[in-house]
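>>> Sequence and predicted structure are below.
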Number of protein chains: 2
Amino acid sequence: MTGYGVVERSGADVRHVAHGTLRPARGATLAARLAAIHEGVCRVIAAHRPDTVVVEQVFVASNARAALVLGHARGVALAAASAAGLAVEELSPQDVKRAVAGTGAAEKGQVQRMVQRLLALDSAPARDAADALAAALCRAHRGRLAARGPRARRPRARRAAGGFVLRRAP
Amino acid sequence: MTGYGVVERSGADVRHVAHGTLRPARGATLAARLAAIHEGVCRVIAAHRPDTVVVEQVFVASNARAALVLGHARGVALAAASAAGLAVEELSPQDVKRAVAGTGAAEKGQVQRMVQRLLALDSAPARDAADALAAALCRAHRGRLAARGPRARRPRARRAAGGFVLRRAP
């Protein structure tokens, strides 16, 4: 299951564009589920045309099997974003949490509530989608800070950032 | 680096079609290298139109980081094959080695020499390509045995099997 979230930044303003979860059919083979994720990522990119795609960095602990499975889905998303000609960035989960909740140790529910608040959503997004939106928000705010620097005189185009957070086995 | 190999089976006869190695540019980002692997796999499939794609199963030992990196490339290949509508099968490295060298404990060089001999090649393919050809050969021979069974009366079409063996970090 893969969450995605898209935000748009215009100057200091960041607004919600879309979020959701890619859910490959449960009974499908691993290859078919990965193809579905690839297609889903391509569809989200085509629909929302972000400038930048952010994918959460993964720090794998002890389970090599889980790392392999997670790597499958992550590789598919990275390849799709790069093939679309987009800049792909990786952010650590800690940085993402800090950006939306003020602490790198924030819990899941806290991230969901803060994403809802920051983007003025009617309800809290599901966990994976909330993580993706948080990553996109984190990137959007970084972009804003960077724009205040030496390159601040460049015109401030509206920029969409798409976050894909790959959490669990596809 | 990703090796590939394609063989064609006609009855009991298995002949060499193609082999090679996908080498994404060294300096490129992870996402760009994965996109290059995806494109390469799609190109090989389009050029040789196999019926079946075989990917080596991975039994990861202790290193979760290596498993994640390997998973990236593997996911991309599996997704590309499935999106092309091909049957994707996984074979264990032991079965592949046993099929070409008579023992699941065969060493790399042994696999390279046996692949060269079985497919009557002028020289031994590089390691990754040899592993891929061995996987394709293993699958082709299994197909032949299966064809002797209940479905033996089906017409024996020429069938190409493509093997992709993902060995190292892309």
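That came in fine, so what should we check first?

>>> Get me the contact residues on chain A for chain B.
A:29-32, A:34-35, A:37-39, A:58, A:60-76, A:78-83, A:88 (Cβ under 8 Å from any Cβ of the partner chain). All C-beta atoms are positioned from the backbone trio N, CA, C, and that covers glycine.

>>> Which of those residues fall in strands?
Judged by DSSP state E, these include A:Val88 as members of strands.

>>> From the residues of chain A next to chain B, which land in helices?
A:30-32, A:34-35, A:37-39, A:64-76, A:78-83 (DSSP state H).

>>> quick one: low-confidence ranges for chain A?
Chain A contains residues with pLDDT under 70 at A:1, A:59-62, A:143-162, A:165-170.

>>> One more pass at 80, please.
Within chain A, the set of residues satisfying pLDDT under 80 comprises A:1, A:12, A:58-67, A:69, A:143-170.

>>> Which single residue of it ends up nearest chain B?
Per Cβ to the nearest Cβ, A:Gly71 is where chain A lies closest to chain B, at 2.1 Å.

>>> From the structure, what's the count of residues near that residue?
Neighbours of A:Gly71 under the rule other Cβ atoms under 10 Å in any protein chain shown: 27.

>>> do the same with the one 3 residues further on
Using other Cβ under 10 Å, A:Arg74 is surrounded by 30 other residues.

>>> That one contacts B:Arg74, doesn't it?
No. Counting by Cβ atoms under 8 Å, B:Arg74 is not a contact partner of A:Arg74; they are 11.0 Å apart.

>>> so what sits against both of those two?
Residues touching both A:Arg74 and B:Arg74 by Cβ atoms under 8 Å, 6 or more residues apart in numbering or on different chains: none at all.

>>> Which stretches in chain A count as helices?
A:30-48, A:64-83, A:93-101, A:108-118, A:127-147.

>>> Single out the most deeply packed of the ones you listed.
helix A:64-83 (a mean of 26; mean count of other Cβ atoms under 10 Å in any protein chain shown).

>>> okay, the angle between that one and helix B:64-83?
Here helix A:64-83 runs at an angle of 60 degrees relative to helix B:64-83 (axes from the mean of the first three to the mean of the last three Cα atoms, to 10 degrees).

>>> Packing partners of helix A:64-83?
helix A:30-48, strand A:52-56, strand A:87-91, strand A:159-166, helix B:30-48, helix B:64-83 (3 or more Cβ pairs under 8 Å, 6 or more residues apart in numbering or on different chains; DSSP states H and E).

>>> Reformat the ones you listed as JSON lines; add distance to A:Ala106.
Shown next, in JSON lines, are these (distance: least, Cβ to Cβ, whole Å):
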{"stretch": "helix A:30-48", "distance to A:Ala106": "25"}
{"stretch": "strand A:52-56", "distance to A:Ala106": "14"}
{"stretch": "strand A:87-91", "distance to A:Ala106": "14"}
{"stretch": "strand A:159-166", "distance to A:Ala106": "14"}
{"stretch": "helix B:30-48", "distance to A:Ala106": "27"}
{"stretch": "helix B:64-83", "distance to A:Ala106": "24"}
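
>>> Out of the ones you listed, which gets nearest to A:Pro24?
Across these, A:Pro24 has its closest neighbour in helix A:30-48 (3.6 Å, Cβ to Cβ).

>>> which residues are in contact with that closest one?
So helix A:30-48 is in contact with A:2, A:4, A:6, A:17-18, A:20, A:22, A:24-25, A:28, A:53, A:72-73, A:76-77, A:79-81, A:84, A:86, A:160, A:162, A:164, A:170, B:75, B:78-83, B:88, going by Cβ under 8 Å, 6+ apart.

>>> please redo it, this time with the cut-off set to 7 Å
A:2, A:4, A:6, A:17-18, A:22, A:24, A:72-73, A:76-77, A:80-81, A:84, A:86, A:160, A:162, A:164, A:170, B:75, B:78-79, B:81-83, B:88 (Cβ atoms under 7 Å, 6 or more residues apart in numbering or on different chains).

>>> Tabulate the CA atom coordinates of it in CSV.
Provided in CSV are the C-alpha atoms of helix A:30-48 (Å, rounded to 0.1, in the frame of the first residue of the first chain):
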residue,chain,number,x,y,z
LEU,A,30,4.0,-9.5,-6.7
ALA,A,31,4.9,-8.4,-10.3
ALA,A,32,1.3,-7.4,-11.0
ARG,A,33,1.1,-5.4,-7.8
LEU,A,34,4.3,-3.6,-8.6
ALA,A,35,3.1,-2.9,-12.2
ALA,A,36,-0.1,-1.4,-10.6
ILE,A,37,1.9,0.8,-8.3
HIS,A,38,4.0,2.0,-11.3
GLU,A,39,0.9,2.8,-13.2
GLY,A,40,-0.7,4.5,-10.2
VAL,A,41,2.4,6.7,-9.7
CYS,A,42,2.5,7.6,-13.4
ARG,A,43,-1.2,8.5,-13.2
VAL,A,44,-0.8,10.7,-10.2
ILE,A,45,2.1,12.5,-11.8
ALA,A,46,0.2,13.0,-15.1
ALA,A,47,-2.8,14.3,-13.3
HIS,A,48,-1.1,16.8,-11.0
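
>>> Right, I'll call it a day here.
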